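Colleague: generate a structure from the sequence data that follows.
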Amino acid sequence: MTAEYKVHGDVAVVTINNPPVNGLGHATRAGITRGLEQAGADASVKAIVITGAGKAFSGGADINEFGKPAAMAEPNLHSVILALEACDKPVVAAVHSIAMGGGLELALGCNYRIAAPGANIALPEVKLGILPGAGGTQRLPRVLGVETALNMIVSGEPVKSEMLAQLPGQKLFDRMAKSPESLLEEAIAFARSVADARPLPKVRDLPCKHPLGDAYFQFARNMVKGMAKNLPAPAKCVDAVEAATQGRFDDGLARERELFASLLISPESRALRHIFFSERAASKIPDVPADTPQREIRSVAVIGAGTMGGGISMNFLNAGIPVTILEMKQEALDRGVATIRKNYEAQVKKGKLKADKYEQRMSLLNTTLDYGALKDADLVIEAVFEEMGVKQKVFEQLDAVMKPGAILASNTSTLDVNKIAAFTKRPQDVIGMHFFSPANVMKLLEVIRGEKTAKDVLATVMTLAKKIKKTAVVSGVCDGFIGNRMIEQYSRQAGFLLDEGALPAQVDRAIERFGFAMGPFRMGDLAGNDIGWAIRKRRAVEHPDMKYSRTADKLCELGRFGQKTGAGWYDYQAGKRDAIPSDVVNKMIEDHRKELGITPRRISDDEIVQRLVYSLVNEGARILEDGIASKASDIDMVYLTGYGFPIHRGGPMLYADQVGLFNVVQAMKRFQKNPRDDQKFWEPAPVLARLAAEGKTFNQTT
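Modeller: Here you go, the predicted model:
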């Protein structure tokens, strides 16, 4: 039973019990309405209390029912709330811990509400690209006022119950309980005190107006347009709340349903729901059960105090885990620690970090020049130069000093983790932990599973990733893993586009309009063009048949490595990051075309976007084919959290699904006919060709 019924004297208590967050699945909704009927039929019952068991009142819709018929099967949440409003005995919602989405809408359908302090109250539907669909946009403004309610609905962020209870004129909570522990007892006593009060108050009967009406809602629309230009849900939230102020309650409810239905089928909502489920699915590894024993991580060592080493260290310090950084020279250590201090001090200055927290974090940081000082660490992460010989020396040293059972991790971005593991006598303890720069900010952590990586090592690192607030995605071993293997194809296409007639500013502008945070040439300048140059030199030896535009090498030969040298694909002024189109670069590209005998052609923005994005899709499909990623949604999470792919498009693989894989394959066949492109690359990957032929998608369930 996911909704339990119990009578306490003359008060019936219906307790939602559907862990972990008491989601309002079909069985739970049916249980609530049965409880109401039972209480209504019992003459000895004078009032009813609805509450939640465990750690939530209710977190809203049951995510297991998303997109399934059960989600809207009767009694749906609308019907449950109608049953609450039709009940002839007072119903009191006893709210604690979490009342979000449908859970809050359920409470708003009750006659009275009593809340425990510390409860998180929210309507977070906007984060899934929809709006509250069971009266939330109509009832919340009636109890909190239009502006407070709209801010909560548009942001989706939780607010503590005691803060809302203090708002002047609020009617959300009739009473605050002394504590979560005493909530039920106080709710039963409160229910008895209102048992005979008539008429029964209903939120739907409260007035809802804004003194400035049209002007306020226009202001709100302008605000959300600036904040969420590619996402339609925030603007529709404004429309729904405005409807609450304009006429009868039932008319507003009908408008909310209409807006909800239109958002539910939008590509943006599908993208956000896909992200919601994909983030949770990323931590599930097919052959590593959830109950796999894990190793305890009480202390961490980091090899290298440079930009990456310092950023990696901050993640663990932030989570309260002691860190020891090792360097070869004291000056390098001092520089690294100074950078960490500077980063924290900047946060303190902005009010994002309290001074005592800053001191507490720094007190967890130790430094050493001696490998022997790391012997008791539970996890060590090397963040040294990306060259196999350097890695070999580090891992041989670590193998000699680290205690048995310690996890040895490499922050390599492209190198073979199996080769690195082979430098030790304990390959089962070796794993890749590829952080993205700046490591203390970027959410993505690519976890590289070697051939011999033990399951408990993998499970431990995935759990640790959550603790340091990273989105961890598992990748198999290949050159570049998931993210960098795909970005290489994207960068190659960007180069071919220059050869054929585009200029860096046009390519960047087209892909940024599509929604990328930054185009390929601005990204190269930020990362350092010499990094790609080194990879291409290695490729020339390992894969001499691989085709590249020579423009990127010519740029590096001019010493234009990007922002760090004040010149890359663009020119930069000292102290500024503005990318200024460069006459020198444009002439270099024109001269290069003449050398090749190419007459430049006009290239449309659509072609630029398709070639860049579909190159990611085709390589992503090959990664699936090779078993490097276990599911398409993992590839999407890598690109959304590490490479600036537009959130509202849900990642490259979901975007391909939404365009239609048949259409993607047709475009690839067109690109194959271009003699200046890499015609072999555009052969659709087998899994892509098969899914397109069968009319299927990469992500069948979102």
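
Colleague: quick one: contacts of whichever strand or helix holds Thr28?
Modeller: Here Thr28, judged by DSSP states H and E, is contained in helix 26-41. Outside of helix 26-41, the residues within contact range by Cβ atoms under 8 Å, 6 or more residues apart in numbering are 1-5, 12, 14, 16, 18, 22, 45, 48, 50, 62, 65, 70-71, 73, 75-77, 79-80, 83-84, 87-89, 91, 106. Using the backbone N, CA and C atoms, a C-beta is placed for each residue, glycine as well.

Colleague: now stretch 411-420
Modeller: Contacting residues not belonging to stretch 411-420 are listed as 308, 312, 381-383, 386, 388, 391-392, 395, 410, 427, 430-435, 448-453, 477, 479-481, 484, 535 [Cβ under 8 Å, 6+ apart].

Colleague: could you rerun that using 6 Å?
Modeller: 381, 383, 388, 391, 395, 410, 432-435, 448, 450-451, 477, 479-480, 484 (Cβ atoms under 6 Å, 6 or more residues apart in numbering).

Colleague: mind listing what's buried along stretch 295-310?
Modeller: 295, 297, 299-306, 308-310 (16 or more other Cβ atoms under 10 Å).

Colleague: do stretch 408-427 as well
Modeller: Neighbour-count burial for stretch 408-427 [16+ other Cβ under 10 Å]: 408-418, 420-424, 426-427.

Colleague: now, those that are in strands?
Modeller: 408-410 (DSSP state E).

Colleague: now the element after the lowest-mean-pLDDT helix or strand in the chain, going C-ward?
Modeller: When the helices and strands of the chain are scored by mean pLDDT, DSSP states H and E, helix 529-542 comes last with a mean of 83. Later in the chain than helix 529-542, the nearest helix or strand by DSSP H and E is helix 551-557.

Colleague: and Lys547, what does it touch?
Modeller: So Lys547 contacts Asp678 (Cβ under 6 Å, 6+ apart).

Colleague: and the gap between Leu374 and Arg670?
Modeller: 55 Å (Cβ to Cβ, to the nearest Å).

Colleague: compare the two (neighbour count), which wins?
Modeller: Leu374 (24 against 12; other Cβ atoms under 10 Å).

Colleague: the more buried one contacts Val302, correct?
Modeller: No. Taking contacts as Cβ atoms under 6 Å, Leu374 lies outside contact range of Val302: 9.3 Å.

Colleague: nearest spatial neighbour of Phe662, chain-adjacent residues omitted?
Modeller: Ala692 (5.0 Å; Cβ to Cβ, 6 or more residues apart in numbering).

Colleague: tell me the average confidence for the host helix or strand of the one you found?
Modeller: Element membership for Ala692 (DSSP H and E) is helix 686-693. The average pLDDT for helix 686-693 rounds to 97.

Colleague: contacts for it, please.
Modeller: By Cβ under 6 Å, 6+ apart, the list of residues contacting helix 686-693 reads 621, 624-625, 661-662, 665.

Colleague: got a markdown table for these, with distance to Gln138, pLDDT and secondary structure too?
Modeller: Output for those, formatted as a markdown table (distance: Cβ to Cβ, whole Å; pLDDT from 0 to 100; DSSP: H, G, I helix; E, B strand; the rest coil):
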| residue | distance to Gln138 | pLDDT | secondary structure |
| --- | --- | --- | --- |
| Ala621 | 45 | 98 | helix |
| Leu624 | 44 | 97 | helix |
| Glu625 | 49 | 96 | helix |
| Leu661 | 40 | 98 | helix |
| Phe662 | 42 | 97 | helix |
| Val665 | 46 | 98 | helix |
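
Colleague: filter those to the buried ones?
Modeller: Buried among these by 16+ other Cβ under 10 Å: 621, 624, 661, 665.

Colleague: please tell me how far the residue nearest to the second one when sequence neighbours are not counted sits from Lys696.
Modeller: In other words, Leu624. Leaving aside its sequence neighbours, Leu624 sits nearest to Val687 (Cβ to Cβ, 6+ apart; 5.4 Å). The gap separating Val687 from Lys696 is 10 Å, by Cβ to Cβ.

Colleague: what's the answer for Ala261, then?
Modeller: 26 Å.

Colleague: try Leu374
Modeller: 50 Å.

Colleague: same check on Leu464?
Modeller: The value you get for Leu464 to Lys696, if Cβ to Cβ is used, is 36 Å.

Colleague: give me the more crowded residue out of these two.
Modeller: Neighbours were counted for Leu464 and for Lys696 using other Cβ under 10 Å; Leu464 has more, 25 against 12.

Colleague: in what helix or strand does that one lie?
Modeller: Using DSSP H and E, the element containing Leu464 is helix 455-467.

Colleague: averaged pLDDT, that helix. What do you get?
Modeller: In this model, helix 455-467 has a mean pLDDT of 97.

Colleague: and stretch 388-408, by the same measure?
Modeller: So the average pLDDT for stretch 388-408 ends up being 97.

Colleague: repeat that for stretch 196-204.
Modeller: Here the average pLDDT along stretch 196-204 is 97.

Colleague: and it, how far apart are its ends?
Modeller: End-to-end distance for stretch 196-204, by Cα to Cα, to the nearest Å: 21 Å.

Colleague: name the residues of it that are buried.
Modeller: Of all the residues in stretch 196-204, those buried under the rule 16+ other Cβ under 10 Å are 200-204.

Colleague: keeping just the C-alphas, turn stretch 246-259 into PDB.
Modeller: This file holds the C-alpha atoms of stretch 246-259, laid out as PDB (Å, rounded to 0.1, in the frame of the first residue of the first chain):
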ATOM      1  CA  GLN A 246      -8.000  37.700 -15.200                       C
ATOM      2  CA  GLY A 247     -11.200  35.800 -14.600                       C
ATOM      3  CA  ARG A 248     -12.900  32.700 -13.100                       C
ATOM      4  CA  PHE A 249     -10.700  30.100 -11.400                       C
ATOM      5  CA  ASP A 250     -11.900  27.400 -13.700                       C
ATOM      6  CA  ASP A 251     -11.000  29.500 -16.800                       C
ATOM      7  CA  GLY A 252      -7.500  30.000 -15.400                       C
ATOM      8  CA  LEU A 253      -7.300  26.200 -14.800                       C
ATOM      9  CA  ALA A 254      -8.300  25.500 -18.400                       C
ATOM     10  CA  ARG A 255      -5.600  27.900 -19.600                       C
ATOM     11  CA  GLU A 256      -3.000  26.200 -17.500                       C
ATOM     12  CA  ARG A 257      -3.900  22.800 -18.900                       C
ATOM     13  CA  GLU A 258      -3.700  24.100 -22.500                       C
ATOM     14  CA  LEU A 259      -0.300  25.700 -21.900                       C
END
